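*Asks:* I'll drop the sequence and a predicted model, then ask my questions.
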There are 2 protein chains.
Amino acid sequence: MVLRAARKLFVEKGYHAVSIPAIVKDSGVSTGAIYSYFSSKEDLAKQVYEQTLDHFEARFIERVSSSSNTYEKLRAFARLVFEVTEDDPDAMEYMVSIRHEEFITDAVPLCYSEPFRWIQQIVAEGIEKGELKTGDYFLSAVSFTGVIIRAVELRLSGVVKESLLEVGDELITNAWATIKV
Amino acid sequence: MVLRAARKLFVEKGYHAVSIPAIVKDSGVSTGAIYSYFSSKEDLAKQVYEQTLDHFEARFIERVSSSSNTYEKLRAFARLVFEVTEDDPDAMEYMVSIRHEEFITDAVPLCYSEPFRWIQQIVAEGIEKGELKTGDYFLSAVSFTGVIIRAVELRLSGVVKESLLEVGDELITNAWATIKV
DNA sequence: AAGACAAGAACGAACATTCTATCTGGAGTG
DNA sequence: CACTCCAGATAGAATGTTCGTTCTTGTCTT
């Protein structure tokens, strides 16, 4: 439960504003125990990041691989993102809103992580197959995910009031419009 | 020059990881002088924020008010965002990537700031006038700005290699596609 | 009885802020 | 014109607090 408590606090206050005593208090685990599991505060943050990303990747693979065409795949991705945002907002916020370079040395930015690389590949293949408009595949991927991720950011910060599960279809329609043929 | 040095450091390392001694060293202004200008570190961050936002708003008004129809206005907004991103990346990063709630009490989120409220209004009017597709005006505004802002974020983090001034037109086309009739 | 592990006190470093000594430049004086 | 003086600004040392990490002590388990 240390990982979960730490992530909650990191998301709430930011890595540098969260002290070990605060994590001790929130998790109920003592300083000594934390330092027997993790070599440092940075190591703790790194494991939080990896666990969160791994969990997302697992769900991503499960969903996307069962889809056939480009639209289905991108839609499956978007719906997964919306679901995680609503079910486990801390996880989503730790992935999209946190500037990990600030405290994790040699952190792989989210946009280079597997799911986002695959989105780029899906878009590239979609263009090749003529399912998407021609153009720079990278910019097309940025545009599609931009609509989705921006909506997530605004939902997480409370600006968007409605559940993304409700307005998700309209967002997916908008995102799809950026790249469809 | 304290404001500029502080902003550079805040953007680089994050507010809580920047110490007053570090700002002293980078700006060449002493601790005493800083505390005679600003009542606290938070006050300094707040003035950095306000100055940066005010400057952007002034340029925004200048550009957008000289445009006539919905497309021209949104395009002017996007081009301004791209220009600032390339000319003064610290300013743009301090506006879009920094989580100000972490250290500025009662900070107005960027998405509630004047420029973004106006974008919402421009979109709402565009829908009313039939220049944009019908639908939730708020989601349409999120979608349009999502494409733009996401591209900025990826450009600032170095993921996008090309200048946004070069690829801006393609991004604007993509963003426009999310809302056009 | 002993080994492993957890609890939390202890430690040095570094922080935000305050305080005081020093400097600076321009008005006042002869 | 030379000199004095003083108010406001600046520099940087001092202060009390809090941090990340380590260390000692106590407590289970077998």
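*Replies:* Sure thing, it's come through.

*Asks:* Looking at chain A, what residue ends up closest to DNA strand C?
*Replies:* Residue nearest to DNA strand C within chain A: residue A:32 (2.2 Å; C-beta to the nearest atom of the strand). All C-beta spots, glycine's among them, are computed from the backbone N, C-alpha and C.

*Asks:* what about the spatially most distant residue from the centre of chain A, distance to residue A:24?
*Replies:* Most distant from the centre of chain A: residue A:32, at 31.4 Å, with distances by C-alpha atoms, centre = their mean. As judged by C-beta to C-beta, to the nearest Å, residue A:32 and residue A:24 stand 10 Å apart.

*Asks:* Residue A:65 now?
*Replies:* The value you get for residue A:65 to residue A:24, if C-beta to C-beta is used, is 41 Å.

*Asks:* Could you check which of the two has the larger neighbour count?
*Replies:* Neighbour count, other C-beta atoms under 10 Å in any protein chain shown: between residue A:65 and residue A:24, residue A:24 has more, with 17 against 10.

*Asks:* Let me know the helix or strand that the more buried one is in.
*Replies:* helix A:20-27 (DSSP states H and E).

*Asks:* got a list of contacts for that helix?
*Replies:* A:1-2, A:4-6, A:8-9, A:29-31, A:34, A:41, A:44 (C-beta atoms under 8 Å, 6 or more residues apart in numbering or on different chains).

*Asks:* can you tell me if it touches DNA strand C.
*Replies:* No - judged by C-beta under 7 Å from any atom of the strand, helix A:20-27 and DNA strand C are separated, with a smallest distance of 7.6 Å.

*Asks:* what packs against the helix or strand just after that helix?
*Replies:* Downstream of helix A:20-27, the first helix or strand assigned by DSSP H and E is helix A:31-37. Here helix A:31-37 touches helix A:2-13, helix A:20-27, going by 3 or more C-beta pairs under 8 Å, 6 or more residues apart in numbering or on different chains; DSSP states H and E.

*Asks:* And the last one, how far out from the chain middle?
*Replies:* Same thing as helix A:20-27. Computed by C-alpha atoms, centre = their mean, to the nearest Å, the chain-centroid distance of helix A:20-27 equals 25 Å.

*Asks:* elements contacting the longest helix seen in chain A?
*Replies:* Using DSSP state H to define each element, chain A has its longest helix at helix A:41-64. Applying 3+ C-beta pairs under 8 Å, 6+ apart, one finds that helix A:41-64 contacts helix A:2-13, helix A:70-87, helix A:89-96, helix A:114-128.

*Asks:* rewinding a little: and of the helices and strands packed on helix A:31-37, who's closest to residue A:132?
*Replies:* helix A:2-13 (34.4 Å; C-beta to C-beta).

*Asks:* wait, isn't residue A:98 in contact with residue A:10?
*Replies:* Yes - the pair residue A:98 / residue A:10 is scored as a contact, 6.8 Å apart, by C-beta atoms under 8 Å.

*Asks:* So which bits of chain A are right by DNA strand C?
*Replies:* Near DNA strand C, when you scan chain A using C-beta under 7 Å from any atom of the strand, you find A:29-33, A:35-36.

*Asks:* Quick one: residues contacting the closest residue to residue A:60 other than its chain neighbours.
*Replies:* Leaving aside its sequence neighbours, residue A:60 sits nearest to residue A:115 (C-beta to C-beta, 6 or more residues apart in numbering or on different chains; 4.7 Å). Residues counted as contacts of residue A:115 (C-beta under 8 Å, 6+ apart) are A:56-57, A:60, A:77.

*Asks:* Checking my notes, residue A:98 in a strand, right?
*Replies:* No - read with DSSP: H, G, I helix; E, B strand; the rest coil, residue A:98 is coil and lies in no strand.

*Asks:* tell me which parts of chain A are close to DNA strand D?
*Replies:* Counting by C-beta under 7 Å from any atom of the strand, chain A sits next to DNA strand D at A:18-22, A:31-32, A:35, A:40-42.

*Asks:* how about 10 Å then?
*Replies:* A:15-24, A:30-36, A:38-45, A:103 (C-beta under 10 Å from any atom of the strand).

*Asks:* Need the buried ones from those residues selected in ChimeraX.
*Replies:* Only the buried entries of the residues of chain A next to DNA strand D go into this ChimeraX selection, using 16 or more other C-beta atoms under 10 Å in any protein chain shown:
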select /A:15,16,17,18,23,24,34,38,41,44,45,103
